[in-house]
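# build me a model from this:
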Amino acid sequence: MSVPITASMLYDLVSCPHRVTMDLFADPAQRDEPNPFVSLLWEKGSDYEREVIDGLKTPYTDLSMYAGDEKEQQTLRAIQRGEPLIYGGRMQVEGLLGDPDLLRKEGDGYVAGDIKSGAGEEGPQDLSKPKKHYAVQLGLYTDILERKDLSAGKRGFIWDIDGQEVVYDFTELYGKRNPRTLWEDYQDCLAEAQAIVSKSTETLAAYSGVCKLCHWYSACISRLTDANDLTLIPELGRTKRDMMIKRVATIQDLAGADPAGFVAGKKTIFPGIGPATLEKLHARAKLIAAGEKAKPYLREPVTLPVADLELYFDIEVDPMRDICYLHGFVERSKGDTDAERFVAFFAEEPSPEAEKQAFAEAWRYMQESQPCVIYYYSKYERTIYRKLREKFPDVCTEDELEALFDPALAVDLYFDVVLKATEWPTRDFSIKTLASYLGFAWRDRHPSGAASIEWFHRWVETGDATIRQRILDYNEDDCRATRVLRDALDGLAVMPEGIG
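Okay, here's the model as predicted:
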């Protein structure tokens, strides 16, 4: 009996087709223990779904207590009765199996919807767009309704964390430059899932930012390392790898190749990879292939600002509560690392009042520390501070905030230095990876931003002081890791001979 295509299968496929393969065919003994943060997401999602349903003021038919074939039969009966809103239903047809949170009667048919503990769309407000991993799930439900002649139209809806209903219109074009529809995206994902299930296509593991949260992480990273896979080169993801793999199969292959041999005119033979990008990836392959002999280097000279006082800055945010709960700084005076100290401002409860207080105190601290140089890693801190200023406009003005993040005295080490001017013999350029390469060790055995969110959730629930301290220690180590990286930059040579 063939395995049916499910909404969760399509959701996973959007991020990683190989996860679908592993879930279907890999030895379950190879699975890692569930990631605590992922477990928290499921828990919060279930809690939010229950909260939304319990708060409904309109009548609905609750089928959530049923399972399997009985749930499917109860759903069909509810539809035949013309129930206006069905919660917890199940539908199946022609190898497709769907468990939509909601089925709503519209006219003579039904549309499907899901309740999500995230935003219903992604991107800037004025340019927001549907989330593909939500769209393919709604597409599956809509497809089943159409095949059963029960559909009210090619659309679905999301009830999101903001209490908004976001309509997903599967007939609407993305735009003139991208004349595709969500339905075409769904159809492509469905075809790929069917090919995986039937084993008519073979997927390959690929290293990416989502890997560390997956229960197949250890199994996949072992295979990728053994295969010397191209995706272990920073910024060479699955799409680029798949374009190159027939001509260049491994990191060693790319390191030993002459990039000019792949260039024709102003393009390379690999669609979507230009000559400059290929040269960069080739240089990274050579660096990684050099093994223990490899040394990080500068592609061009870097001049960092100098001040008697330096602040190494990192924040912690709980996206599920939409709160920035910790602002941490390692303060170093006149380059004296032995005398540096950690300063933190912690929101003592998950409330707007506590968030504002922590923000205001951190802001005051940075103002009173002037003149100084502020170092942070990625644009995230600046982005969150802009959101905090909009949320609490009496803390500081827009001009004051932009002045604080003036690149002359506030340095984003990731975008403005590491990405623009350096190369490292590592599989990515995260602060965890680079600082670890430089010999820095976090005190926590499992340090990550995702883990800190789970810790904060447990601290809110329990008030346990040891959990609060764990969060503070983790944040302090992130700040010190940023300082370790900044100091290491001073020692990097510019493009060593024989590399590049």
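
# residue contacts, the spatially closest residue to Ile273 that is not a sequence neighbour?
Nearest residue to Ile273, sequence neighbours excluded (C-beta to C-beta, 6 or more residues apart in numbering): Lys240, at 5.9 Å. All C-beta spots, glycine's among them, are computed from the backbone N, C-alpha and C. Applying C-beta atoms under 8 Å, 6 or more residues apart in numbering, we find Lys240 in contact with 230, 270, 272-273, 281.

# between these, which has the most around it?
When neighbours are counted as other C-beta atoms under 10 Å, the busiest of those turns out to be Leu230, with 26 neighbours.

# mind checking pLDDT for it?
According to the prediction, Leu230 has pLDDT 97.

# which SS state does the residue nearest to it when sequence neighbours are not counted fall under?
Distance criterion C-beta to C-beta, 6+ apart; nearest residue to Leu230, sequence neighbours excluded, is Arg241 at 4.4 Å. On the three-state scheme (DSSP: H, G, I helix; E, B strand; the rest coil), Arg241 is labelled helix.

# correct me, but Arg241 touches Thr231?
Yes: using C-beta atoms under 8 Å, Arg241 and Thr231 qualify as a contacting pair, with a distance of 5.1 Å.

# looking at the two, which has the bigger crowd around it?
In this comparison of Arg241 against Thr231, neighbours counted by other C-beta under 10 Å, the higher total goes to Thr231 at 23 against 19.

# what sits against the more buried one?
By C-beta under 8 Å, 6+ apart, the residues touching Thr231 are 206-208, 224, 237-238, 241.

# repeat the analysis, applying 6 Å as the threshold.
With contacts defined as C-beta atoms under 6 Å, 6 or more residues apart in numbering, Thr231 is in contact with 206-207, 241.

# hmm, back to that, now for the contacts of Lys240, which pair is the farthest apart?
Leu230 and Gly272 (14.3 Å; C-beta to C-beta).

# does Phe345 touch Phe329 like I think?
No: using C-beta atoms under 6 Å, Phe345 is not in contact with Phe329, being 8.6 Å away.

# okay, these two: which has more neighbours?
Between Phe345 and Phe329, counted using other C-beta under 10 Å, the more crowded position is Phe329 (26 against 19).

# distance from the lowest-mean-pLDDT helix or strand in the chain to the middle of the chain?
Comparing every helix and strand of the chain by mean pLDDT, DSSP states H and E singles out strand 121-122 as the least confident one, with a mean of 82. If you compare the mean C-alpha spot of strand 121-122 with that of the full chain, they lie 13 Å apart, counting by C-alpha atoms, centre = their mean, to the nearest Å.

# nearest to Val166 among the contacts of Thr231?
Val166 lies nearest to Ala206 out of those, by C-beta to C-beta, at 29.9 Å.

# list the residues that contact that closest one.
Taking C-beta under 6 Å, 6+ apart as the definition of contact, the neighbours of Ala206 are 231, 238.

# let me know the pLDDT of it.
For Ala206, the model assigns a pLDDT of 97.

# quick check: it vs Cys214, distance?
Ala206 sits 11 Å away from Cys214, taking C-beta to C-beta, to the nearest Å as the criterion.

# and Thr171, by the same measure?
Between Thr171 and Cys214 the computed distance is 33 Å (C-beta to C-beta).

# looking at the two, which one has more neighbours?
Taking neighbours as other C-beta under 10 Å, Thr171 and Cys214 compare with Cys214 leading, 22 against 10.

# just checking, Gly139 touches Gln187?
No: contact between Gly139 and Gln187 fails when scored by C-beta under 6 Å: they sit 7.8 Å apart.

# the two: which has the busier surroundings?
More crowded of Gly139 and Gln187, by other C-beta under 10 Å: Gly139, with 27 against 15.

# got phi/psi on that one?
Note on Gly139: its backbone torsions stand at phi -60, psi -40 [degrees, to the nearest 10].

# host element of Glu331?
When secondary structure is defined by DSSP states H and E, Glu331 falls within strand 323-333.

# which elements pack onto whichever helix or strand comes after that strand?
Under the assignment DSSP H and E, the closest C-terminal helix or strand after strand 323-333 is strand 341-346. In terms of contacts (3 or more C-beta pairs under 6 Å, 6 or more residues apart in numbering; DSSP states H and E), strand 341-346 is packed against strand 323-333, helix 352-368.

# tell me the angle the first one makes with strand 341-346.
By that I understand strand 323-333. Angular relation of strand 323-333 and strand 341-346 on a 0 to 180 degree scale: 160 degrees, by axes from the mean of the first three to the mean of the last three C-alpha atoms, to 10 degrees.

# ok, the last one next?
Compare the direction of helix 352-368 with that of strand 341-346 by the same axes, to 10 degrees and you get 150 degrees.

# of all the residues in helix 352-368, which ones are buried?
355-363, 365-366 (16 or more other C-beta atoms under 10 Å).

# just to revisit the earlier point, Serialize the contacts of Thr231 to TSV and add fields for distance to Val3.
Below are the contacts of Thr231 laid out as TSV (distance: C-beta to C-beta, whole Å):
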residue	distance to Val3
Ala206	23
Tyr207	27
Arg241	27
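
# pretty sure Val111 is in a strand, no?
Yes: Val111: assigned to a strand according to three-state DSSP.

# find the residue closest to it in space, skipping its chain neighbours.
Leaving aside its chain neighbours, Val111 sits nearest to Ala152 (5.1 Å; criterion: C-beta to C-beta, 6+ apart).

# mind checking pLDDT for the one you found?
You'll see Ala152 listed with a pLDDT of 96.

# buried set for whichever strand or helix holds it?
Element membership of Ala152, judged by DSSP H and E, is strand 151-159. Applying a neighbour-count criterion of 16+ other C-beta under 10 Å, the buried positions in strand 151-159 are 151-159.

# so how far is it from its chain's centroid?
Centroid separation between strand 151-159 and its chain, computed with C-alpha atoms, centre = their mean, is 26 Å.

# mind giving me the packing neighbours of it?
Contact analysis of strand 151-159 by 3+ C-beta pairs under 6 Å, 6+ apart lists strand 109-115, helix 132-147, strand 165-169 as its packing neighbours.
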